[in-house]
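[1] What follows is a predicted structure for the sequence shown.
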Amino acid sequence: MESIVKKYQQKFRRVKDEMSRWEELQSRLISQFSNSSSIIQRLQVIQDSRNYGALKCVEGIENAVLAKQMESLQTILLSINKTMEEFHGIVSSLEKIVRDSRQLVKAGSSQPGAKQLKQRVGLKPTLADCLDGLRLLEEMHRSEYLLKLSVVSALPALALKPSESGDLVALQQLLIDQPNIPGEEETRNRMLKYLETEERMQRKEAMAWEDFQYSVLRVMNWREELQLKYM
């Protein structure tokens, strides 16, 4: 029993590494979202010829500036795409850790019963504590990933109607808050405590990802149409 608990300790160390990676990606995503929001908020100003002053006499300047901004937005959206793929990699890694952890208690000739799962060895947590802790960490990061995916999927649509700047502010705050993941202190306490509908969630994830990819294509097509129109 004690040897299995030690193996769970190793898995929690792996989870801790993944959580550190998550925080790095979180900082990157917020920066990318902020940059894309700035461009989207400028689009409405760019498309108003009254804001060009004396430059209005330059033929095609409005559309040239707009096309350049759309190109920059497309680049950022592709970067966000890559960041979300890395987030997904972390979620997949956590899922595997949980699956492997379940296999640990099933391995061997004798499987621990309910009483053994709750048996405590010294100050070490029970096997049930270990399983619950890993499952909880995986679930909250998966939920947060799905939320992030929904948020970034809204960006291309907002680019097509840039007047909705208030939505951008609210969405960015949602990314910053990470409502599905407890704050640093609470997370630390959970980690110390535990060693320092799945099908529906998968369908939801796939649909959100397809929506994001489709919206990115819409932005790309819009930029190409602008280029063809004013060549």
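    That came through fine. This is a predicted model, so every value here is computed, not measured.
[2] For Gln74, report the pLDDT, please.
    Per-residue pLDDT puts Gln74 at 93.
[3] gap between it and Ser153?
    For Gln74, the distance to Ser153 under the criterion C-beta to C-beta, to the nearest Å works out to 15 Å. In short, each C-beta sits where N, CA and C put it, glycine included.
[4] Check Val45 too.
    Shown here: Val45 relative to Ser153, a distance of 25 Å by C-beta to C-beta.
[5] Compare those two (neighbour count), which wins?
    Applying other C-beta atoms under 10 Å to Val45 and Ser153 shows that Ser153 carries more neighbours, namely 21 against 12.
[6] Does the more buried one lie in a helix or a strand, and which?
    In this assignment (DSSP states H and E), Ser153 forms part of helix 127-159.
[7] what does Glu59 give?
    For Glu59, there is no enclosing helix or strand under DSSP H and E.
[8] Over to Ile176?
    Per DSSP H and E, Ile176 falls inside helix 165-177.
[9] looking only at pLDDT, what's the mean for that helix?
    Helix 165-177 shows a mean pLDDT of 90.
[10] Just the angle for it relative to helix 127-159, thanks.
    What separates the directions of helix 165-177 and helix 127-159 is an angle of 160 degrees, with axes from the mean of the first three to the mean of the last three C-alpha atoms, to 10 degrees.
[11] what comes up buried for helix 165-177?
    Asp167, Leu168, Leu171, Gln172, Leu175 (16 or more other C-beta atoms under 10 Å).
[12] Pull the contacting residues for the third one.
    In other words, Leu171. For Leu171, the residues meeting the contact criterion (C-beta atoms under 8 Å, 6 or more residues apart in numbering) are Phe33, Val151, Ala154.
[13] Tell me the spacing between Arg13 and Ile39.
    Applying C-beta to C-beta, one obtains 40 Å for the distance of Arg13 from Ile39.
[14] The two: which has the busier surroundings?
    Set side by side, Arg13 and Ile39 give different neighbour counts by other C-beta under 10 Å, the larger being at Ile39 (21 against 12).
[15] Now for the more buried one, which secondary structure element holds it?
    Counting by DSSP H and E, the secondary-structure element that holds Ile39 is helix 2-46.
[16] relative orientation of that helix and helix 127-159 in degrees?
    10 degrees.
[17] helices and strands around helix 2-46, which ones?
    If you count contacts as 3 or more C-beta pairs under 8 Å, 6 or more residues apart in numbering; DSSP states H and E, helix 2-46 packs onto helix 61-106, helix 127-159, helix 165-177, helix 184-193.
[18] And for Gln32, the neighbour number?
    Residue neighbour count, defined by other C-beta under 10 Å, stands at 21 for Gln32.
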